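**Q** What follows is a predicted structure for the sequence shown.
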Amino acid sequence: MNHAFIDTLKQRRTQYALGRNLSASPEELTALIQAAIKQTPSSFNSQSSRAVILFGAESQKVWQIAIDEVRKVAPAEGFENTEAKLNSFAAGVGTVLFYEDQDVVRSLQEKFALYADNFPVWSEQASGMAQLAVWTALATNDVGASLQHYNPLIDAAVAAEWNVPASWKLRAQMPFGSNEGGFGEKTFMDDAERFRVAG
(Lines give C-alpha, C1' and ligand atoms only; values in the text may rest on other atoms or scores of the structure.)
Protein backbone atom coordinates (compact mmCIF):
# COMPACT_ATOMS: atom_id res chain seq x y z
CA MET A 1 0.00 0.00 0.00
CA ASN A 2 0.99 3.61 -0.53
CA HIS A 3 1.96 5.20 2.78
CA ALA A 4 2.89 8.63 1.40
CA PHE A 5 0.03 10.33 3.22
CA ILE A 6 0.93 8.65 6.53
CA ASP A 7 4.53 9.73 6.04
CA THR A 8 3.24 13.28 5.53
CA LEU A 9 1.20 13.11 8.74
CA LYS A 10 4.29 11.99 10.62
CA GLN A 11 5.97 15.29 9.77
CA ARG A 12 3.37 17.22 11.77
CA ARG A 13 4.81 17.68 15.23
CA THR A 14 4.46 20.25 17.99
CA GLN A 15 7.20 22.87 17.82
CA TYR A 16 7.57 25.30 20.71
CA ALA A 17 10.98 26.67 19.66
CA LEU A 18 9.89 29.01 16.88
CA GLY A 19 11.98 31.50 14.96
CA ARG A 20 11.76 33.82 11.98
CA ASN A 21 14.21 32.08 9.67
CA LEU A 22 11.85 31.12 6.87
CA SER A 23 12.47 31.48 3.15
CA ALA A 24 8.74 31.45 2.35
CA SER A 25 7.13 34.87 2.08
CA PRO A 26 3.96 35.90 3.94
CA GLU A 27 2.13 35.78 0.61
CA GLU A 28 3.27 32.20 -0.01
CA LEU A 29 2.37 31.12 3.50
CA THR A 30 -1.03 32.81 3.25
CA ALA A 31 -1.77 30.98 0.00
CA LEU A 32 -0.73 27.66 1.57
CA ILE A 33 -2.92 28.19 4.65
CA GLN A 34 -5.90 29.30 2.59
CA ALA A 35 -5.58 26.32 0.23
CA ALA A 36 -5.38 23.87 3.14
CA ILE A 37 -8.57 25.27 4.69
CA LYS A 38 -10.39 25.34 1.34
CA GLN A 39 -9.64 21.66 0.79
CA THR A 40 -10.86 20.66 4.26
CA PRO A 41 -14.19 18.79 4.28
CA SER A 42 -17.20 20.09 6.18
CA SER A 43 -20.70 18.77 6.78
CA PHE A 44 -23.10 19.63 3.93
CA ASN A 45 -20.13 21.44 2.39
CA SER A 46 -20.95 24.21 4.85
CA GLN A 47 -17.43 25.72 4.69
CA SER A 48 -17.97 27.07 8.19
CA SER A 49 -14.27 27.43 9.00
CA ARG A 50 -12.78 30.91 9.06
CA ALA A 51 -9.24 32.12 9.71
CA VAL A 52 -7.42 35.30 10.61
CA ILE A 53 -3.80 35.03 9.45
CA LEU A 54 -1.37 37.36 11.17
CA PHE A 55 2.28 38.12 10.51
CA GLY A 56 5.03 40.03 12.29
CA ALA A 57 3.90 42.69 14.74
CA GLU A 58 0.25 41.74 14.22
CA SER A 59 1.02 38.18 15.30
CA GLN A 60 2.94 39.44 18.32
CA LYS A 61 -0.15 41.40 19.38
CA VAL A 62 -2.10 38.16 19.84
CA TRP A 63 0.39 36.88 22.36
CA GLN A 64 0.59 40.20 24.20
CA ILE A 65 -3.19 40.08 24.47
CA ALA A 66 -2.88 36.54 25.83
CA ILE A 67 -0.30 37.68 28.39
CA ASP A 68 -2.52 40.55 29.50
CA GLU A 69 -5.65 38.39 29.77
CA VAL A 70 -4.03 35.39 31.44
CA ARG A 71 -2.33 37.68 33.96
CA LYS A 72 -5.78 38.76 35.14
CA VAL A 73 -6.73 35.22 36.19
CA ALA A 74 -3.45 33.40 36.85
CA PRO A 75 -1.58 33.41 40.16
CA ALA A 76 1.18 36.03 40.21
CA GLU A 77 3.58 33.46 41.62
CA GLY A 78 5.25 31.63 38.77
CA PHE A 79 3.63 33.81 36.10
CA GLU A 80 7.04 34.47 34.56
CA ASN A 81 7.01 30.89 33.25
CA THR A 82 3.61 31.44 31.62
CA GLU A 83 4.78 34.72 30.13
CA ALA A 84 7.91 33.06 28.74
CA LYS A 85 5.79 30.38 27.09
CA LEU A 86 3.51 32.96 25.49
CA ASN A 87 6.49 34.98 24.32
CA SER A 88 7.86 31.83 22.66
CA PHE A 89 4.74 31.80 20.46
CA ALA A 90 5.33 35.46 19.58
CA ALA A 91 8.88 34.57 18.50
CA GLY A 92 7.59 32.95 15.31
CA VAL A 93 6.69 34.40 11.94
CA GLY A 94 2.92 34.39 12.34
CA THR A 95 -0.24 33.03 13.91
CA VAL A 96 -3.38 31.52 12.47
CA LEU A 97 -6.56 32.17 14.44
CA PHE A 98 -9.11 29.45 13.66
CA TYR A 99 -12.80 30.35 13.84
CA GLU A 100 -16.13 28.71 13.11
CA ASP A 101 -18.92 30.90 11.75
CA GLN A 102 -21.95 30.39 13.97
CA ASP A 103 -24.26 32.04 11.43
CA VAL A 104 -23.52 29.13 9.10
CA VAL A 105 -24.24 26.65 11.87
CA ARG A 106 -27.53 28.31 12.78
CA SER A 107 -28.59 28.50 9.14
CA LEU A 108 -28.05 24.78 8.71
CA GLN A 109 -29.93 24.06 11.92
CA GLU A 110 -32.92 25.98 10.59
CA LYS A 111 -32.73 24.45 7.13
CA PHE A 112 -32.21 20.87 8.29
CA ALA A 113 -34.05 20.70 11.61
CA LEU A 114 -33.75 16.92 11.82
CA TYR A 115 -29.97 17.31 12.29
CA ALA A 116 -30.05 20.52 14.30
CA ASP A 117 -28.29 19.10 17.34
CA ASN A 118 -25.47 17.73 15.22
CA PHE A 119 -24.42 20.86 13.36
CA PRO A 120 -22.45 22.39 16.26
CA VAL A 121 -20.62 19.06 16.65
CA TRP A 122 -19.93 18.83 12.93
CA SER A 123 -18.67 22.40 12.98
CA GLU A 124 -16.14 21.47 15.66
CA GLN A 125 -15.08 18.50 13.58
CA ALA A 126 -14.58 20.74 10.54
CA SER A 127 -12.46 23.09 12.62
CA GLY A 128 -10.30 20.25 13.88
CA MET A 129 -9.78 19.00 10.35
CA ALA A 130 -8.87 22.50 9.15
CA GLN A 131 -6.33 22.81 11.97
CA LEU A 132 -4.76 19.47 11.06
CA ALA A 133 -4.72 20.36 7.36
CA VAL A 134 -2.95 23.67 7.96
CA TRP A 135 -0.53 22.20 10.49
CA THR A 136 0.41 19.37 8.14
CA ALA A 137 0.74 21.69 5.14
CA LEU A 138 3.09 23.90 7.15
CA ALA A 139 5.11 20.91 8.37
CA THR A 140 5.62 19.59 4.84
CA ASN A 141 7.18 22.96 4.02
CA ASP A 142 9.49 22.78 7.04
CA VAL A 143 7.47 25.33 8.99
CA GLY A 144 7.12 24.62 12.70
CA ALA A 145 3.85 25.16 14.57
CA SER A 146 1.84 24.25 17.64
CA LEU A 147 -1.83 24.39 18.51
CA GLN A 148 -2.95 26.60 21.40
CA HIS A 149 -6.27 27.30 23.10
CA TYR A 150 -6.39 30.60 24.94
CA ASN A 151 -10.02 31.06 24.00
CA PRO A 152 -12.33 32.23 25.47
CA LEU A 153 -10.01 34.39 27.60
CA ILE A 154 -8.71 36.33 24.60
CA ASP A 155 -11.85 36.30 22.43
CA ALA A 156 -13.19 39.79 23.09
CA ALA A 157 -9.84 41.59 22.87
CA VAL A 158 -8.84 39.73 19.71
CA ALA A 159 -12.22 40.39 18.08
CA ALA A 160 -11.90 44.10 18.83
CA GLU A 161 -8.31 44.31 17.58
CA TRP A 162 -8.98 42.73 14.19
CA ASN A 163 -12.66 43.60 13.72
CA VAL A 164 -13.72 39.95 13.76
CA PRO A 165 -17.40 39.39 12.91
CA ALA A 166 -19.56 38.66 15.94
CA SER A 167 -20.70 35.35 14.45
CA TRP A 168 -17.14 33.98 14.31
CA LYS A 169 -16.28 31.79 17.30
CA LEU A 170 -12.59 31.42 18.13
CA ARG A 171 -11.57 27.78 18.42
CA ALA A 172 -7.75 27.68 18.38
CA GLN A 173 -4.56 29.60 17.76
CA MET A 174 -1.58 28.27 15.76
CA PRO A 175 1.73 30.13 16.10
CA PHE A 176 4.18 29.18 13.35
CA GLY A 177 7.74 29.88 12.28
CA SER A 178 11.07 28.25 11.64
CA ASN A 179 11.99 25.10 13.54
CA GLU A 180 14.57 26.24 16.06
CA GLY A 181 14.50 23.04 18.10
CA GLY A 182 14.31 19.31 17.62
CA PHE A 183 11.45 16.91 18.23
CA GLY A 184 11.32 14.28 20.92
CA GLU A 185 10.27 10.72 20.27
CA LYS A 186 6.52 10.34 19.91
CA THR A 187 5.02 7.51 21.93
CA PHE A 188 1.77 5.65 21.29
CA MET A 189 -0.58 3.65 23.46
CA ASP A 190 -1.08 -0.04 22.72
CA ASP A 191 -3.21 -0.68 19.62
CA ALA A 192 -5.30 -3.25 21.51
CA GLU A 193 -6.54 -0.49 23.83
CA ARG A 194 -7.46 1.80 20.96
CA PHE A 195 -8.79 -0.22 18.06
CA ARG A 196 -11.39 -2.90 17.34
CA VAL A 197 -11.35 -4.68 13.98
CA ALA A 198 -14.04 -7.06 12.77
CA GLY A 199 -14.78 -8.92 9.55
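**A** Thanks, I have it. Residues are numbered from 1 along each chain as shown.
**Q** which residues sit against the longest helix along the chain?
**A** For the chain, the helix that runs over the most residues, judged by DSSP state H, is helix 119-139. In this structure, residues lying in contact with helix 119-139 by Cβ atoms under 8 Å, 6 or more residues apart in numbering are 8-9, 11-13, 29, 32-33, 35-37, 39-43, 46, 48-49, 51, 96, 98-100, 104-105, 108-109, 112, 144-145, 147, 171-172, 174, 176. In this view, the C-beta of every residue, glycine as well, is placed from N, C-alpha and C.
**Q** same thing but 7 Å
**A** Contacts to helix 119-139, defined as Cβ atoms under 7 Å, 6 or more residues apart in numbering, come from residues 8-9, 11-13, 32-33, 36-37, 39-43, 48-49, 96, 98, 100, 105, 108-109, 145, 147, 171-172, 174, 176.
**Q** Just the buried ones out of those residues, please.
**A** The neighbour-count test (16 or more other Cβ atoms under 10 Å) marks 12, 32-33, 36-37, 40, 42-43, 48-49, 96, 98, 100, 105, 108, 145, 147, 171-172, 174, 176 as buried among the contacts of helix 119-139.
**Q** Show me those residues that map onto helices.
**A** Residues of the buried ones among the contacts of helix 119-139 located in helices (DSSP H): 32-33, 36-37, 105, 108.
**Q** Closest one of these to residue 162?
**A** Among those, residue 33 lies closest to residue 162 (Cβ to Cβ), at 15.7 Å.
**Q** For the closest one, give me its contacts.
**A** Applying Cβ under 7 Å, 6+ apart, we find residue 33 in contact with 51, 53, 96, 134.
**Q** try 10 Å this time
**A** Taking Cβ atoms under 10 Å, 6 or more residues apart in numbering, we find residue 33 in contact with 51, 53, 94, 96, 130, 133-134, 137-138, 143, 174, 176.
**Q** Just the buried residues out of those, in ChimeraX syntax.
**A** A single ChimeraX command is used to select the members of the contacts of residue 33 judged buried by 16+ other Cβ under 10 Å:
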select :51,53,94,96,130,133,134,137,138,143,174,176
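**Q** Redo the contacts of residue 33 as TSV? Include distance to residue 73 and pLDDT.
**A** What follows is those, written out as TSV (distance: Cβ to Cβ, whole Å; pLDDT from 0 to 100):
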residue	distance to residue 73	pLDDT
51	26	98
53	28	98
94	26	98
96	24	98
130	28	98
133	32	98
134	29	98
137	34	98
138	30	98
143	31	98
174	23	98
176	26	98
